[in-house]
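Novice: Sequence below, structure please.
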Amino acid sequence: MQGLRNEWEAEAPQRTCTLEDYQGAAPRWCPGCGDHAVLNAVQKLARDKQLPPEKTMVVSGIGCSSRFPHYMSTYGFHGLHGRAFPVACGVRSRRPDLHMFVVTGDGDCCAIGTAHWIHAIRYNMDFTVLLLDNNIYGLTKNQTSPTTHIGEKSNTHPRGNVLPPLNPLSVTLGITNASFVAQTVDWNPPHLFNTIRSAYEHKGTSFVRILQRCPHFTQHIFAEAQNDMSQCRLLLHEDGIPLDPQLQRLFPNRTAHNPNDLAAARRIASSEDAYPVGLLYRDPNAARYDLQTQAGLGRSQAEKMAATEKWLSRYEL
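Specialist: Next up is the predicted model:
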């Protein structure tokens with residue numbers, strides 16, 4: 001299918017895109033929302049990689065984070081709550097030429113979309129998943145989400161959440177055929193950008209959890225980690241997320257971690273002493289279902305009809 005992708009890409013006019021070419025409608029997120037930083041990083045990546053806007057696709061579900069397609073001047077699909085993954089898989093199965101991003105939130109992905117999330121990771125189709133996790137349902141105004149910590153008060157739990165939170169990293173690392181799992185924070189733009197860039201360059205489903213501040217409902221959640229970077233554990237390795245040595249010093253808590261070690265990745269994801277920041281796991285050899293679903297895309301109409309007739313003739317009496 002690489003030849004078909006190259007053929008489609010050759011049809012695109014040769015030009016140089018600027019940052020403005022990727023800027024859509026004016027973002028309507030709250031001032032100070034971490035979503036702004038993620039949007040800026042994706043737009044910068046698109047410019048640096050010179051992704052043709054007409055060959056770039058952003059798919060989302062429902063939530064504050066899922067307003068993302070409106071703010072990118074590319075193709076977008078603002079879907080139903082929890083349904084970003086099946087839409088993305090459907091698009092990817094027929095359009096191997098597109099550069100694809102899936103933007104979702106902790107409620108959208110980890111609650112109503114859980115089944116789709118699990119199977120999308122297993123399918124390992126080629127797109128970048130950005131999970132913007134602010135530990136709350138923000139768009140619908142302050143309800144407990146699957147990642148809300150015990151004791152946090154919300155409109156659904158005014159006396160405090162009583163259940164332990166779901167860990168998106170541990171869940172994803174426990175899914176068969178996971179191929180790229182990373183975590184970053186919205187308040188460190190260089191690491192955020194480098195993580196998204198590494199995720200985009202990976203061939204397969206790249207899952208990036210972004211610890212994202214909500215200034216309206218959960219501004220206190222990541223405040224201590226933002227002010228005290230020792231609460232984040234920077235994962236370092238030559239095959240991990242690159243970061244300038246000068247910027248690495250901002251993280252006093254640094255750990256060498258080989259992202260090829262799945263068992264170690266699971267241990268780090270489950271630790272509660274600090275937020276792991278970096279690439280937890282990567283398997284470039286994981287099977288990709290989209291390489292199967294794209295079979296036949298280059299066939300002519302006559303070839304497709306002949307193949308259909310061949311299979312239907314099996315049922316003739």
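Novice: CA only for contacts and neighbour counts going forward, please
Specialist: OK.
Novice: what sits against Pro259?
Specialist: 237, 239-240, 265, 279-282 (CA atoms under 8 Å, 6 or more residues apart in numbering).
Novice: Kindly state the pLDDT recorded for it?
Specialist: In this model, Pro259 is scored at 98, pLDDT.
Novice: Nearest spatial neighbour of it, chain-adjacent residues omitted?
Specialist: Once flanking residues are discounted, Pro259 sits nearest to Tyr281: 4.3 Å by CA to CA, 6 or more residues apart in numbering.
Novice: give me the low-pLDDT residue ranges for the protein?
Specialist: Counting by pLDDT under 70, the low-confidence segments of the chain come to 1-13, 317.
Novice: Helices of the chain, start to end?
Specialist: Remark: helices assigned in the chain by DSSP state H are 2-10, 35-49, 84-94, 106-107, 114-123, 168-173, 189-201, 223-227, 245-248, 262-270, 290-293, 301-312.
Novice: Off-centre distance for the second one?
Specialist: If I follow you right, that is helix 35-49. Centroid separation for helix 35-49 versus its chain: 13 Å, with CA atoms, centre = their mean, to the nearest Å.
Novice: try the third one
Specialist: Between the centre of helix 84-94 and the centre of its host chain there is 14 Å, according to CA atoms, centre = their mean.
Novice: Okay, buried residues for that helix please.
Specialist: 84-89, 91-93 (16 or more other CA atoms under 10 Å).
Novice: One more: stretch 18-30?
Specialist: 21-23, 27, 29.
Novice: ok, so of these, who is nearest Ser65?
Specialist: Using CA to CA, Trp29 comes nearest to Ser65 of the buried residues of stretch 18-30, at 8.9 Å.
Novice: Tell me who's in contact with that closest one.
Specialist: 35-36, 64.
Novice: Show me which pair in the contacts of Pro259 is furthest apart.
Specialist: Maximum distance among those (CA to CA): 13.7 Å, for Asp239 and Ala265.
Novice: Between the two, which has more neighbouring residues?
Specialist: Ala265 (23 against 13; other CA atoms under 10 Å).
Novice: Grab the nearest non-local neighbour of the more buried one.
Specialist: Closest to Ala265 by CA to CA, 6+ apart is Leu280, at 5.1 Å.
Novice: Could you pull up the contacting residues of that neighbour?
Specialist: 180-183, 235, 257-259, 265, 268-269.
Novice: Please repeat the previous calculation with a cut-off of 6 Å.
Specialist: 181-182, 259, 265 (CA atoms under 6 Å, 6 or more residues apart in numbering).
Novice: Pick the one among those residues closest to Ala46.
Specialist: The nearest one, if we look at these relative to Ala46 and count by CA to CA, is Ala182, at 19.6 Å.
Novice: Would you map the strands across the stretch 151-300 of the chain?
Specialist: 180-185, 205-211, 232-236, 254-256, 275-282 (DSSP state E, counting those that start in this stretch).
Novice: What strands line up against the longest one, and which way round?
Specialist: Yep, that's strand 275-282 we're talking about. According to DSSP bridges, strand 275-282 forms sheet pairs with strand 180-185 (antiparallel), strand 232-236 (parallel).
Novice: The second one too?
Specialist: Looking at strand 205-211 with DSSP bridges, its partner strands are strand 127-133 (parallel), strand 180-185 (parallel).
Novice: so Arg233 sits right up against Asn253, yeah?
Specialist: Yes - Arg233 is in contact with Asn253 according to CA atoms under 6 Å; the separation is 5.0 Å.
Novice: Same drill for the two, tell me which one is more crowded.
Specialist: Ranked by neighbour count (other CA under 10 Å), Arg233 and Asn253 place Arg233 first, with 20 against 16.
Novice: quick one: the more buried one from Gly278, how far?
Specialist: Distance, Arg233 to Gly278, using CA to CA, to the nearest Å: 8 Å.
Novice: can you check Arg267 too?
Specialist: In terms of CA to CA, Arg267 sits 14 Å off from Gly278.
Novice: Who has more neighbours out of the two?
Specialist: Neighbours were counted for Arg267 and for Gly278 using other CA under 10 Å; Gly278 has more, 28 against 11.
Novice: Contacts only, for the more buried one.
Specialist: Applying CA under 6 Å, 6+ apart to Gly278 gives the contacts 182-183, 235, 241.
Novice: Give me the distance between it and Ile136.
Specialist: 23 Å.
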